[in-house]
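Engineer: sequence and predicted model, in that order:
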Amino acid sequence: MEIIEQGMKTRTVQQITKALPQIMGDDTIYQPFPSHALQHVDPFILLHHWGPYTFQPENDAFSVGAHPHRGFEPVTFIFQGEVHHRDSMGNDSIIKEGGIQWMTAGRGVMHSETGTDEFHKKGGNFEIIQVWMNLPKKLKMAEPFYQGYQSDQIPTLFQDGKKVELKIASGKYRNIAGPVKSPTDINSFMIYMQENGRAEIELEEQKNVMLYLLDGSVNVNNTSIKSARNAITFRNDGTLINIEATGKSKLLLLAGNPINEPVAQYGPFVMNTREELNLAFEDFYNGKMGTLK
């Protein structure tokens, strides 16, 4: 176990929010926020959890066709399976298990995410999380760009005798920098824990932190979470998060500086005002966000 410097204060848990099932096309997904219980965790607007599913060969698994985005970053963490990303900027990539697809939509882009031809043919296990990460007003109309990284391109930090594996996708943690260039300094970690493993994670006190339990059971800062598909949010009253796995567990941790700006969200656009939303729809219908067949 790594030794944490004395004087660090543990954050208190603010809320535990159960992800509720939602129907999206032919799939049932799980959404802890936005909901009546938890609107958002600034700067994180939405979280969708697909799976885990097991698809048979010759399946029609996971297909989200061409659609637009503006004003935020749709980010996909691939925990099982593989995802084929295409967009109107000309990016065409397949990211496999343990990888990440990070798209900064900025002023507008069209994209699609589908299962790969290989996955449709062979089948297999599939589980992803997509998070909508807000952008501040000054970046909402920035030039869009895409980043995709495979599992072996994402550095890993081990804790507790390798009972805990932190894959650092974005942000810098203990002198290890994730490959994603986040324009808003987001920390994102994919966390895998063996039973009885203990993780100690220190993050800046001003950042809002959201921990999502995909699978397993954990104690987080003296609070027990006994079932999967729960989001844990924290007060900004300390820097330290302690996680003890009471069963083999899988989590996603996100931390970001709150933007503290008005949020106007409708469909695939996240802006500051209703007028900006209306303009986004107008620009989309006029083809200003590109085309994708």
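Structural biologist: Good, I have the coordinates.

Engineer: just how off-centre is the helix or strand of the chain with the lowest mean pLDDT within its chain?
Structural biologist: In the chain, the helix or strand scored least confidently by mean pLDDT, DSSP states H and E is helix 117-122, which has a mean of 88. Computed by CA atoms, centre = their mean, to the nearest Å, the separation of helix 117-122 from the middle of its chain amounts to 25 Å.

Engineer: what pairs with the following helix or strand past that helix, and is each one parallel or antiparallel?
Structural biologist: Where DSSP states H and E defines the elements, the next helix or strand beyond helix 117-122 is strand 124-134. Strand pairing for strand 124-134, using DSSP bridges, gives strand 44-55 (antiparallel), strand 72-80 (antiparallel).

Engineer: Gly123 is nearest to which of those strands?
Structural biologist: Proximity to Gly123 (CB to CB) singles out strand 44-55 among the strands paired with strand 124-134, at 4.5 Å. The C-beta positions use only the backbone N, C-alpha and C, and glycine is treated the same way.

Engineer: each with direction, which strands does the next helix or strand after that closest one pair with?
Structural biologist: Next along the chain after strand 44-55, taking DSSP H and E as the criterion, comes strand 63-69. The pairing partners recorded for strand 63-69 under DSSP bridges are strand 109-114 (antiparallel).

Engineer: just the C-alpha atoms of the strand it pairs with, please, in CSV.
Structural biologist: Presented in CSV, the C-alpha positions along strand 109-114 are these (Å, rounded to 0.1, in the frame of the first residue of the first chain):
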residue,chain,number,x,y,z
VAL,A,109,-19.7,17.6,-36.0
MET,A,110,-21.5,14.5,-37.2
HIS,A,111,-20.5,11.1,-36.0
SER,A,112,-21.6,7.5,-35.6
GLU,A,113,-20.6,4.7,-33.2
THR,A,114,-21.4,1.1,-34.1
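
Engineer: what lies in contact with that strand?
Structural biologist: 62-70, 74, 76, 83-89, 101, 103, 144, 289-292 (CB atoms under 8 Å, 6 or more residues apart in numbering).

Engineer: buried ones among those residues?
Structural biologist: Among the contacts of strand 109-114, the ones that count as buried by 16 or more other CB atoms under 10 Å are 62, 64, 67-70, 74, 76, 83-89, 101, 103, 144, 289-290, 292.

Engineer: where in the protein is pLDDT low?
Structural biologist: For the chain, the stretches with pLDDT under 70 are 1-7.

Engineer: mind doing that once more with 50?
Structural biologist: Confidence mapping of the chain against pLDDT under 50 gives the ranges 1-5.

Engineer: what's the angle between the longest helix along it and strand 109-114?
Structural biologist: Using DSSP state H, we find that the single longest helix of the chain is helix 274-285. When axes from the mean of the first three to the mean of the last three CA atoms, to 10 degrees is applied, the directions of helix 274-285 and strand 109-114 differ by 70 degrees.

Engineer: can you give me the buried ones in helix 274-285?
Structural biologist: 276-277, 280, 283-284.

Engineer: got the strands paired with strand 124-134 as JSON lines, with distance to Lys121 columns?
Structural biologist: Shown next, in JSON lines, are these (distance: least, CB to CB, whole Å):
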{"stretch": "strand 44-55", "distance to Lys121": "11"}
{"stretch": "strand 72-80", "distance to Lys121": "17"}
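
Engineer: buried deepest among the ones you listed, which one?
Structural biologist: Mean neighbours per residue, mean count of other CB atoms under 10 Å, is largest over the strands paired with strand 124-134 for strand 72-80, with a mean of 23.

Engineer: give me the neighbour count for Pro32.
Structural biologist: Residues near Pro32, counting by other CB atoms under 10 Å, number 25.
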